[in-house]
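sequence-free structure coming up:
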Ligand SMILES: [Zn+2]
Ligand SMILES: [Zn+2]
Ligand SMILES: [Zn+2]
């Protein structure tokens, strides 16, 4: 079986990080944790190895202290929630109505301009 680039990358990272949890030294059920929570940012200084338990703990602690933040891509309004799934749903619902509003406003302006002619 051929390994994907990500699998190869992961094998290398695991090796560099000594195949053990940074917190407790556990060597099983290791996860790759992204410090900036951006799962596409696989730079070496953004990732660390944590076992399942420590990883889970870290995320629940950070959730409580920081909360999760997302903002509307149209109006930049910020949304916070302790639940990532809930947050995504909230933002998506808002973005949908935000987009609708923008479309309506733009249509309104176009109609006004046409009248002025
Ligand atoms: Zn993580
Ligand atoms: Zn651990
Ligand atoms: Zn918005």
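Yes, it's here. Everything quoted here is computed from the prediction, not taken from an experiment. Ligands and ions are numbered 1, 2, ... in the order given.

CA only for contacts and neighbour counts going forward, please
OK.

Which one of the residues in this structure is closest to ligand 3?
As assessed by CA to the ion, ligand 3 sits closest to residue 75 within the chain, at 4.0 Å.

What residues does that residue make contact with?
By CA atoms under 8 Å, 6 or more residues apart in numbering, residue 75 lies in contact with residue 98.

Please apply the same query to residue 45.
Residue 45 touches nothing, counting by CA under 8 Å, 6+ apart.

Equivalent analysis for the one 5 residues further on, please.
Contacts for residue 50 were tallied using CA under 8 Å, 6+ apart; they are 20, 21, 22, 23, 30, 31, 32, 33.

Apply 10 Å and report the result again.
19-33, 56, 58 (CA atoms under 10 Å, 6 or more residues apart in numbering).

again, but for residue 114
With contacts defined as CA under 10 Å, 6+ apart, residue 114 is in contact with residue 108.

Just the pLDDT at it, thanks.
Per-residue pLDDT puts residue 114 at 78.

Can you give the contact residues for stretch 14-31?
When contacts are defined by CA under 10 Å, 6+ apart, stretch 14-31 is touched by residues 8-13, 32, 44, 47-56, 58.

Those residues in helices, which ones?
Residues from the contacts of stretch 14-31 lying in helices, with DSSP state H as the criterion: 8, 9, 10, 11, 12, 13, 52, 53, 54, 55, 56, 58.
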